[in-house]
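Asker: Everything below, folded, please.
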Amino acid sequence: MEKLDNIVMYSPKDVSKLLHLGNTKCLELFNSKDFPSIRIGRAFWVNSDCLEKFLSEKHVVGQTNDDLLV
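Answerer: Numbers count the residues shown, from 1 in each chain. The predicted structure is shown next:
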């Protein structure tokens, strides 16, 4: 986690610890088009406010609507 004035940014390592995800799933999350990550050089980052909003919207990563039907 990096703080820049009042901005808190999480790295994939931080997010994997927060959400109890493995490296592969975490990188899939950061590479998904719906996830609000930014890439700076070779590193991915996500703003803490954007992560909180993303999680509050109850996104399901890696599944389509067809997968949810039983």
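Asker: Tell me which stretches of this structure form helices.
Answerer: Along the chain, the segments classed as helices by DSSP state H run 12-19, 23-31, 48-56, 65-68.
Asker: Would you reformat these as TSV and include mean pLDDT and distance to residue 5?
Answerer: No exception for glycine: its C-beta is placed from N, CA and C like everyone else's. Listed next are those as TSV, based on pLDDT from 0 to 100; distance: least, Cβ to Cβ, whole Å:
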stretch	mean pLDDT	distance to residue 5
helix 12-19	94	18
helix 23-31	93	24
helix 48-56	91	13
helix 65-68	52	40
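Asker: Same list (these) but as TSV, adding mean neighbour count.
Answerer: Output for the helices of the chain, formatted as TSV (neighbours: other Cβ atoms under 10 Å):
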stretch	mean neighbour count
helix 12-19	16
helix 23-31	15
helix 48-56	13
helix 65-68	8
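Asker: nearest to residue 37, of those?
Answerer: helix 23-31 (4.6 Å; Cβ to Cβ).
Asker: any chance of the helices of the chain in TSV, with distance to residue 6 too?
Answerer: Below are the helices of the chain laid out as TSV (distance: least, Cβ to Cβ, whole Å):
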stretch	distance to residue 6
helix 12-19	18
helix 23-31	23
helix 48-56	10
helix 65-68	38
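Asker: and residue 16, what does it touch?
Answerer: 22, 23, 25, 26 (Cβ atoms under 8 Å, 6 or more residues apart in numbering).
Asker: Now with 7 Å, please.
Answerer: The neighbours of residue 16, taking Cβ atoms under 7 Å, 6 or more residues apart in numbering as the test, are 22, 23, 26.
Asker: same check, this time on residue 1
Answerer: Contacts of residue 1 by Cβ under 7 Å, 6+ apart are 8, 10, 14.
Asker: ok, for the last one, nearest residue in space, not its chain neighbours?
Answerer: For residue 14, the nearest residue in space outside its immediate sequence neighbours is residue 1; the separation is 5.2 Å by Cβ to Cβ, 6 or more residues apart in numbering.
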